[in-house]
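A.B. asks: need a 3D model of the following:
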Amino acid sequence: MRHHVLLFVRHTMETSWSLGFLSLILIVIPIIGMQLVHKYGWQHWEPFDNPYKKLNETDEEYSEKTDFK
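C.D. replies: Residues are numbered from 1 along each chain as shown. Have a look, this model is predicted:
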């Protein structure tokens, strides 16, 4: 089993297409994450500590309950 994993990793790291894909997601995923942090008002160091807004709450009602405005 370990041998098959090593063969897969070696093949992946030797192929330029797969290295390009890995490099792309290394850049794109953090950018998407930071956009979500700013969109939902999460704290950078503890993004899931906030309770989520209820669907029927407005932004004003939610910001009155929390410290995030």
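A.B. asks: residues touching residue 19, list them.
C.D. replies: Listed by Cβ atoms under 8 Å, 6 or more residues apart in numbering, the contact partners of residue 19 are residue 13. Backbone N, C-alpha and C define where each C-beta goes, glycine included.
A.B. asks: helix or strand for it, which one?
C.D. replies: If you go by DSSP states H and E, residue 19 is part of helix 16-40.
A.B. asks: where are the low-confidence patches of the chain?
C.D. replies: Across the chain, the ranges flagged by pLDDT under 70 are 43-69.
A.B. asks: burial measure for residue 18, as a count.
C.D. replies: 12 (other Cβ atoms under 10 Å).
A.B. asks: for the residue nearest to it when sequence neighbours are not counted, phi and psi?
C.D. replies: Of all residues not flanking residue 18 in the chain, residue 12 sits nearest, at 4.7 Å (Cβ to Cβ, 6 or more residues apart in numbering). Here the main-chain torsion angles of residue 12 (degrees, to the nearest 10) amount to phi -60, psi -40.
A.B. asks: okay, now residue 12: neighbour count?
C.D. replies: Neighbours around residue 12, by other Cβ under 10 Å: 13.
A.B. asks: that one and residue 42, how far apart?
C.D. replies: To residue 42, residue 12 is 32 Å away according to Cβ to Cβ, to the nearest Å.
A.B. asks: what do you get for residue 24?
C.D. replies: 25 Å.
A.B. asks: so those two - more neighbours on which side?
C.D. replies: residue 42 (16 against 10).
A.B. asks: the more buried one contacts residue 36, correct?
C.D. replies: Yes - counting by Cβ atoms under 8 Å, residue 42 touches residue 36, with 7.5 Å between them.
A.B. asks: and residue 42, helix, strand or coil?
C.D. replies: Of the three states, residue 42 takes coil under DSSP: H, G, I helix; E, B strand; the rest coil.
A.B. asks: what sits against residue 13?
C.D. replies: Contacts of residue 13 by Cβ under 8 Å, 6+ apart are residue 19.
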